[in-house]
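Undergrad: Have a look at this prediction, sequence included:
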Amino acid sequence: MMAASGKLASFRLPPLPTVGELIKLYNLRAEKQLSQNFLLDLRLTDKIVRQAGSLTDAHVCEVGPGPGGLTRSILNAGAADVLVVEKDTRFIPGLKLLSEAAPGKLRIVHGDILTYRMDRGFVANISKPWEEDPPNLHIIGNLPFSVSTPLIIKWLENISNRSGPFTYGRTRLTLTFQKEVAERLTASTGSRQRSRLSIMSQYLCTVHNCFTIPGRAFVPKPKVDVGVVHFTPLVQPQIQQPFKMVEKVVRSVFQYRRKHCHKGVEKLFPEAHRAELTQEMMQKADVDPILRPTELTIPQFRALVNAYAQLCTQEPGLVNYEYREELKLKHLARKRNMPMDTVMDTQGSTPQSPLQPC
């Protein structure tokens, strides 16, 4: 077994056309509407891969491999099984060439990572109990900007539910984001970049901003620099409530990020009972109502979410209340010159809105 691991660790790809040569060979161009940017410098792709930790004998899912630069670094790092999920058909021939150069190591899925069932992508015996060390499974990707935020939000919910890639255990992620998004994901209490994304990622994971790649390293050069972020799911989330409930409270608080936090809390409740329920929630949580959202710690958010959960238990209808939906109904009532109750009856119940990109 030791010998097999050593053999995998020392694997190197045979001589191949460079990534730049492949781009010319297959006449590949980065599509602006897909926010694609190629990273051709293999020293930088090697550096990204090192942030994931040891990949010896590892299983890896790479998101959006494109022309395969990062894929080469993953294979050269000793990964035993690399699953690449690529939506753009133009990149498949180049990836097949890479697969032929690494027999039995590279699997190609032509599909959308937002809908791909990663819980079916790997053998079950790599799973580790949640309370133990993470499995030898990694998600790595140089993500297109357009998909990075919705994708990490999807995966954070998967972590909360232990579903998707996290059916195997506390799967680690090493991903690229716009520098500003990377800073939000890792922002500390009181910092200017503290946001909803900070709370949602940090209550579920240890999040580390590894390093920044200058925009000039990419082809074509984006207008922003890029941050590499590493996530390790926590054994116990810092807030023990359903993901959607946590998201709803955090979203409400941060919708007035420059005002006192009670302004956002107010919007969790219908207008008729807003003042008394806000006061009750703030008192239950023992949180100073004049703190700014960026000043709240995760334990304070935990207290707020727990207080909100108690109120929802007392008044079950609260959980489905959405302030923005109420505003829409008010606007519709004025437009139709109808009573609010009549408009509500005609529209029916309103669904809870999903987390929007920060």
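TA: Received it, and whenever you're ready, just let me know what you need.
Undergrad: what sits against the residue lying closest to residue 192 once chain neighbours are set aside?
TA: Nearest residue to residue 192 in three dimensions, chain neighbours excluded: residue 294, at 7.4 Å (Cβ to Cβ, 6 or more residues apart in numbering). Where C-beta positions appear, they are placed from N, C-alpha and C, glycine not excepted. Each residue near residue 294 by Cβ atoms under 8 Å, 6 or more residues apart in numbering is listed here: 189, 190, 191, 192, 194, 195, 257.
Undergrad: Measure how buried the fifth one is and give me the count.
TA: Going back to what we said before, that points to residue 194. With neighbours defined by other Cβ atoms under 10 Å, the count for residue 194 comes to 22.
Undergrad: per-residue confidence at the residue lying closest to it once chain neighbours are set aside?
TA: Using Cβ to Cβ, 6+ apart and skipping residues adjacent in sequence, the residue nearest residue 194 is residue 294, 4.0 Å away. You'll see residue 294 listed with a pLDDT of 98.
Undergrad: Tell me how far the closest residue to residue 167 other than its chain neighbours lies from residue 221.
TA: Using Cβ to Cβ, 6+ apart and skipping residues adjacent in sequence, the residue nearest residue 167 is residue 119, 4.5 Å away. Note on residue 119: its distance to residue 221, by Cβ to Cβ, to the nearest Å, is 37 Å.
Undergrad: more neighbours, the two?
TA: Remark: of residue 119 and residue 221, residue 119 carries more neighbours, 14 against 11, as counted by other Cβ under 10 Å.
Undergrad: How far does stretch 207-218 sit from its chain's centre?
TA: Distance of stretch 207-218 from its chain centroid, counting by Cα atoms, centre = their mean, to the nearest Å, is 17 Å.
Undergrad: what's that stretch in contact with?
TA: 37-39, 41, 44, 47, 51, 174, 176, 179, 182-183, 185-186, 201, 221-231.
Undergrad: mean confidence for it?
TA: In the prediction, stretch 207-218 has an average pLDDT of 95.
Undergrad: which of the contacts of stretch 207-218 count as buried?
TA: 37-39, 44, 51, 174, 176, 179, 182-183, 185-186, 201, 222, 225-231 (16 or more other Cβ atoms under 10 Å).
Undergrad: just the strands in the protein please.
TA: 38-39, 59-63, 81-86, 106-110, 137-141, 172-178, 205-213, 218-219, 226-233 (DSSP state E).
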